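Q: Need a 3D model of the sequence below.
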Amino acid sequence: MKYIIKIKDFNLSEKLNKSYETIEDTIEDKSPQLEDYVICKDNEETHLNEFLNNNIGVIKDIVEETYPFDVQYENIPKNLSAHFGFGGVKNDRVMSREEILYFSDDKEKLEQIILNNKYNL
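A: Numbering: from 1, shown residues only. Predicted coordinates:
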């Protein structure tokens, strides 16, 4: 069952009316690449998941290790900043492939996923 939400902002309303399946289908099934946008989760620090699930990071480096993806974030809350800081860059966090929920070279696709999750669409 789908619910229609009336919103004064036409652009937001238009985005919310897109179906989640359509957005998910457009994200290619490939390996994440440099400069791809990502939505992640943390397998060990579960209190970080609210931030990671609702913010888009950018892959800045890929190395062949257990945690190969160096993901950079913006606007990290001060209470979470101790969990970031890879290679001397305070906004970076290393993530494994299993911790990357979604990735795309198009940031708007991931913004749509966050909106759909926020409004349970």
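
Q: buried ones in the longest helix belonging to the chain?
A: In the chain, with assignment by DSSP state H, the single longest helix is helix 107-118. Using 16 or more other Cβ atoms under 10 Å as the test for burial, helix 107-118 gives K109, L110, Q112, I113, L115, N116. For glycine as for every other residue, the C-beta is placed from the backbone atoms N, C-alpha and C.

Q: Would you convert those residues into JSON lines that also reports pLDDT and distance to K41?
A: Formatted as JSON lines, the buried residues of helix 107-118 follow (pLDDT from 0 to 100; distance: Cβ to Cβ, whole Å):
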{"residue": "K109", "pLDDT": "96", "distance to K41": "18"}
{"residue": "L110", "pLDDT": "97", "distance to K41": "14"}
{"residue": "Q112", "pLDDT": "96", "distance to K41": "18"}
{"residue": "I113", "pLDDT": "96", "distance to K41": "13"}
{"residue": "L115", "pLDDT": "95", "distance to K41": "18"}
{"residue": "N116", "pLDDT": "94", "distance to K41": "16"}
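
Q: Looking at those residues, which one is closest to F103?
A: If you rank the buried residues of helix 107-118 by distance to F103 using Cβ to Cβ, L110 comes first, at 7.8 Å.
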